[in-house]
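Colleague: Provided below for reference: sequence and predicted model.
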Amino acid sequence: MNVRVNGSSSPAPDSPQTTAAEHLRDQLGLTGTKIACGTGVCGACTVLVDGAPTASCLLPADRLEGREVTTVEGLGGDHPVQRAFAAHDALQCGYCTPGFVVEASAFVDGWRAEHGDVRPDRAQVAEAMAGHLCRCGAYEGIFTAVAAACAGEFDTEPDRDPPRSDALDKVTGRARFSADRAPEGCWEGVLVRSVHAHARVRSVDPGGARGQAGSDGSANAVFVDLLGPERLVRYAGQPIAAVAAPTAALARTAAASVRVDYEVLPAVVDTELARAEDAPLVYPTRAERRAAPSYGEAPTPPAPWRGNVHGPATLSWRGPTAARRLRAAAERGDPRLVAQEYSTAAQAHSPLEPHVCVASWDGDGELTLHVSTQTVGKVARKAAERWGLAPERVHVVGEYVGGGFGAKNGLSVDMVAATELSRLAHAPVRVSFDRAEELTDAGHRAATNTRVALLADSDGNLSAMSVDSHGDGGTAVGSTTATLALLMYGRSPRRVRDFDVVTHRPPGMPMRAPGGPPLAWALEQAVDTMAARLGEDPLTLRRRWDGNPKRQALYERVADLELWRGRPRGPRTGRFRRGVGLAASNWLYLMDPTARVELSVEDGAVVVRSGVQDIGTGIRTVLGEVVADRLGIPSGDVRVEIGDGDAEPGTGSFGSRTTTSMGPAAADAAERLRAALREHEPAVPASGPVPQDVLKDALSAAEGLRVVGGRGRDRWGAVTPAMGDLAVGRGLTGAVHVMEVEVDTLLGRVRPTRCWAGVAVGRVYSERLARNQCEGAVVQGVGYALFEERRHDPATGVMLTDNMEDYRIPGMGDVPETEVYFHQEGFEHAAGAGVGLGEVSVVGVAAAVANAVHDATGWRPHELPLRPDRLIGGLR
Amino acid sequence: MTTTRPEDLGRALAQLDGTGARPRAGGTDLTACLAAGVLEPAPVVDLAGVRELHGVEWLPDGAARLGALTTVDELAADPRLAGAYPALAATARELATPQVRNAATLGGNLLQRNRCWYLRNPAFDCFHTGGDSCPARGGDHLYGVVVDQGPCVAPHPSSLAVALLAYDASVLVAGADEQERAVADLYDAAAPARDHVLEPGQVLVSVRLPVPREGERAAYRRATGRSRAEWPLVEAVTRVVLHEGRVSHAAVAVGGVARTPLRLPGVEAALTGARPGRHWGPEVEESLAALADLCSPLPATGYKVDLMRATVRDVLERALEVPGR
């Protein structure tokens, strides 16, 4: 009764309830095989069974008997596909990578046997990889890598290092994510969540999870109550308690035995109903309203409450003038007034690595947390506060992080539960969200409804603008959708107002450019509508209205693009209609003035350390490159260790601020190291490359040397004084997306075919990695435009799209062939001369899709996502 | 919980008879259903070793009999099958993902549970899980049926059943009441709590296809949002046989619209006499328009009336090589 795994024989399990994926990970320690969706949709768990790619999360473990299994570890590291993935940067966070690599290895081998060393086309690669999803959207690299491996380009070791320094660890499955950690004797924790949208919890009976473990581990389950003193639940899926037991199965059984006594209260889960006079209130008291969570990244501006409506938070520039002009234009029926309403659906971050924490207390009361987070530093700080520990007694580690997109910021409930349970269990405890939890209660980009009005004067200039937007973020407030309109299209009079409507549904969280994509969805379509009214080309109008010099440079490129110049004109006919649209994006330049990087000399090597984490953006690579570049030494001579909260504070990976905060700090540290090395070895030059032999001597003389570099100030300072670890820098970033689509008017499907993404963020640190992130932004934007939406049961508020079959993210066949262009001027005043691009690169994508669909069909979409039913209805 | 591994059909039936044990083929949907709580854990009779369920057999008359454990990938990839039954192969190629097609079986596909998000969410009870109502009917049923045969509103999930219905295929069922029956008789739209009519203890052994028709033209279309790897909003299969340059036999079936796959006899009749490579006459247009009469949309599934018509039009145009519009 054996199975051969990667050439070694081991007993095959007998339980039909265990999956092969669980067996490989938990029993054999082969954690390269990831479990992400758990339902055979995403492919992260793919292994070869008797040579055939198989979803191991749907394969009963007892089916392994007598079979030959190859996991990513079994591929070694020399398969041409692995080399190609690394060389073409066909990955970001790396969580989906082992599954892709295993599938692609079988495809490439089979393809070459059948066709020889021939390059497959995009459709053939998409077909072969149809069972895989990458949330970072590294598809462009994957297309290139798979085709190159098929063509025989990677049969030998490439002579250049891969662009991403941790690529080899990710393509081999060696990279250990927090979900992969199960220390000796680790218990599993499970959350108990509310089944009601609104209820008072009278009592919680721990059932079979009663009590505390003896120090010998005698109890078989432990229990912790997670509900605050108000004893209220405000959405279905809200955590109430958690239990842990020595195995996952025991923990689930114990969780099922917990009895919650609810006093069910009236709930409202629909924003329309929530606005009614007699609607049940989510926050009846002032104290509750003040404590409402926020999905904005900035502090929520003060705004009044009326029932379940929070707002308006009004920001204006000659607001009364704008309102007066718009009112008058409406009264006289001015054709130069464009007043439209747009809505967007809620988008789930859906990182493939779920929220996960492995917590352990050591004998001296020190706490170690292995977490999946965008903020190791903040988690450490908050944990120390919460459990009353001195900062040096809390150790937070997130060496590899499987995506975040805004959902993994700060101390989350998986961490709280694991920490509390671990203390009771006298054992390490792992709490990992399953996919349903991740898609229900791990944040989302709020849905919105936005009214936009634009008025042009007789010269066709913008004379007034107003934007009113209502955010729908469940129990959370903090919409900044309309607010962002202050920063677009010059300084003409405008009034922008943000509202939130709260309901008894799970809270939103900041997601990649909070407020940006929904504003662009409305504003950029309204601008296109205005162009049509004025009889103008959409590009011409933007060049006239948009004062931002960086976007002006991008518009100039667009004017020369074949994709734009050669676009079809006039009405299109036939079933398949091609169209091209564009959209402009704007974002802020944020940075962390407190970011620091430590360099030390250890065993004759330069080691870079900082409390920053790599969620797939590539900061690990950037740090090594900046230091190596400053010293003029090969980046292989620099070792980077990040994702450890004990190090000098780095920065959080959010707000497009990681690279622009860390890069200059690394450069500063490198200069300090150079100065310090010169004291040990005068042959080290004061500037320029350090010769190899000189460096070697200097490093051996300076063993143990340690320097710390800081972010430094920008020329002319920042817009705002530093607010702790945040400052708003001078200048706005910009992007322009040009999208081509083909619309199947019969079956209602939109197929994005080509995209040009022009991004202006100043100097780009690591070109291939930056391009990858911008390509991924197009993928996420396409998902937002066409497929993604959270849907809930209208009666109970229970999340229905709590699995990756029903929550639909784009696959390889759904994305356009994308070209990224960087305009690298305009941030010379900023330290390092370049700023972040994670957010600006996603803002306008969905709007560009919409404008392209309108160009193709003449139909203007107002609701997101652009599902087939909507398109069919719109074209009827 | 135990797993037994019988090697012949007799033993498998004995182990299933009155024991409460559950048969397992590819195990893909069973694993998902166990994880989602759709099914309670129970002992498993693993059919993988049962020799009678394997293999593709070519009968003396030229027809094929497919063992129930034939994988979806084998249906898609076997060149002889694809030549003889192009609609079946085309359907198999488009369903699920390569990894799932490698594991999922013909029998399992025909007998799988529906994909309703209420059924697969432990927060809800419905007819299928011991409840006495359908939460989707009054709730969010965007992907529900448009031909409302009540009381459950989940469309039938089996794409292969749609294709096999278009072939008038039959299935051999072993166990109590052993018999060969039409694929159509595997399903009962009025049974609210089940996605097929087999009783515990019965095993689907094989599928028998008719004698292949010379020069059959076939097409399959899955209307979805994304390009691949998605359950269909509507799916359609057609196969047409020509005689002297005109359609002499047409079969058209649709899925994703009702509790069972449906044949469209009105469209089939209208196609008779149509000529490939040209636009068809008004009878076919009228038969497509008349599909609306078949429909009884739920509040949110009205779009499927148009989408069903469009999907059928697509497969007909492709099978008949109608010039592009």
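Modeller: Yep, that arrived.
Colleague: mind listing the strands for the stretch 101-250 of chain B?
Modeller: With DSSP state E, counting those that start in this stretch as the criterion, the stretch 101-250 of chain B has strands at B:170-174, B:179-182, B:203-208, B:217-223, B:234-243, B:246-255.
Colleague: where does the chain have low pLDDT?
Modeller: Using chain A here. A:211-219, A:300 (pLDDT under 70).
Colleague: wait, I meant chain B there
Modeller: B:1, B:325.
Colleague: let me know the outermost residue of it.
Modeller: B:Glu244 (31.8 Å; Cα atoms, centre = their mean).
Colleague: could the strands of the stretch 101-250 of chain B be laid out in CSV, adding mean neighbour count?
Modeller: (Glycine included, C-beta is placed from N, CA and C.) Shown next, in CSV, are the strands of the stretch 101-250 of chain B (neighbours: other Cβ atoms under 10 Å in any protein chain shown):
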stretch, mean neighbour count
strand B:170-174, 21
strand B:179-182, 12
strand B:203-208, 23
strand B:217-223, 24
strand B:234-243, 24
strand B:246-255, 23
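Colleague: ok, which of those comes nearest chain A?
Modeller: Closest of the strands of the stretch 101-250 of chain B to chain A is strand B:217-223, at 4.9 Å (criterion: Cβ to the nearest Cβ).
Colleague: show me what the closest one is packed up against.
Modeller: For strand B:217-223, the packing partners by 3 or more Cβ pairs under 8 Å, 6 or more residues apart in numbering or on different chains; DSSP states H and E come out as helix B:86-94, strand B:234-243, helix B:303-319.
Colleague: the longest one near chain A anywhere?
Modeller: To tie it back to what came earlier, the one meant is helix B:303-319. Yes - Helix B:303-319 lies within reach of chain A by Cβ under 8 Å from any Cβ of the partner chain, at B:303-304, B:306-307, B:310-311, B:313-314.
Colleague: now do that helix: which elements does it pack against?
Modeller: The helices and strands touching helix B:303-319, judged by 3+ Cβ pairs under 8 Å, 6+ apart, are helix A:868-875, strand B:217-223, strand B:234-243, strand B:246-255, helix B:265-271, helix B:282-289, helix B:291-294.
Colleague: of these, which approaches A:Leu168 most closely?
Modeller: A:Leu168 lies closest to strand B:217-223 among the helices and strands packed on helix B:303-319, at 38.7 Å (Cβ to Cβ).
Colleague: circling back to that earlier point, quick one: the strands of the stretch 101-250 of chain B as TSV, columns for distance to A:Val108 too.
Modeller: Output for the strands of the stretch 101-250 of chain B, formatted as TSV (distance: least, Cβ to Cβ, whole Å):
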stretch	distance to A:Val108
strand B:170-174	38
strand B:179-182	43
strand B:203-208	34
strand B:217-223	27
strand B:234-243	31
strand B:246-255	34
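Colleague: nearest to A:Ile633, out of the ones you listed?
Modeller: Comparison of those against A:Ile633 by Cβ to Cβ identifies strand B:217-223 as nearest, at 55.4 Å.
Colleague: list the strands paired with the closest one, with their directions.
Modeller: Partners of strand B:217-223 in the sheet, by DSSP bridges, are strand B:234-243 (antiparallel).
Colleague: from the chain's centre, how far out does the strand it pairs with sit?
Modeller: 15 Å (Cα atoms, centre = their mean, to the nearest Å).
Colleague: I'd like the distance between A:Gly508 and chain B.
Modeller: A:Gly508 sits 20 Å away from chain B, going by Cβ to the nearest Cβ, to the nearest Å.
Colleague: before we move on, the earlier item: quick one: the helices and strands packed on helix B:303-319 as JSON lines, columns for distance to A:Gly473 too.
Modeller: Below are the helices and strands packed on helix B:303-319 laid out as JSON lines (distance: least, Cβ to Cβ, whole Å):
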{"stretch": "helix A:868-875", "distance to A:Gly473": "23"}
{"stretch": "strand B:217-223", "distance to A:Gly473": "32"}
{"stretch": "strand B:234-243", "distance to A:Gly473": "34"}
{"stretch": "strand B:246-255", "distance to A:Gly473": "37"}
{"stretch": "helix B:265-271", "distance to A:Gly473": "47"}
{"stretch": "helix B:282-289", "distance to A:Gly473": "44"}
{"stretch": "helix B:291-294", "distance to A:Gly473": "40"}
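Colleague: between the ones you listed, which gets nearest to A:Ala182?
Modeller: Using Cβ to Cβ, these put strand B:217-223 closest to A:Ala182, at 40.4 Å.
Colleague: do a quick rundown of the helices in the stretch 351-500 of chain A.
Modeller: Using DSSP state H, counting those that start in this stretch, the helices found in the stretch 351-500 of chain A span residues A:376-386, A:413-425, A:435-441.
Colleague: so what touches the second one?
Modeller: Around helix A:413-425, the neighbours that count as contacts under Cβ atoms under 8 Å, 6 or more residues apart in numbering or on different chains are A:187, A:189, A:191, A:212-213, A:217, A:222-224, A:226, A:239, A:242-244, A:355-361, A:367, A:369, A:371, A:379, A:383, A:386-387, A:428-433.
Colleague: hang on, the earlier thing: which of the residues of helix B:303-319 next to chain A lies closest to B:Arg217?
Modeller: Minimum distance to B:Arg217 across these is 14.0 Å, recorded for B:Asp314 (Cβ to Cβ).
Colleague: thought that closest one was touching A:Thr745?
Modeller: No - between B:Asp314 and A:Thr745 there is no contact under Cβ atoms under 8 Å: 11.6 Å.
Colleague: picking up where we left off before, between the helices and strands packed on helix B:303-319, which one is closest to A:Leu539.
Modeller: Between the helices and strands packed on helix B:303-319, helix A:868-875 lies closest to A:Leu539; by Cβ to Cβ that is 24.8 Å.
Colleague: re the thing from before, what would the helices of the stretch 351-500 of chain A look like in a markdown table with mean neighbour count?
Modeller: Shown next, in a markdown table, are those (neighbours: other Cβ under 10 Å):
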| stretch | mean neighbour count |
| --- | --- |
| helix A:376-386 | 21 |
| helix A:413-425 | 25 |
| helix A:435-441 | 24 |
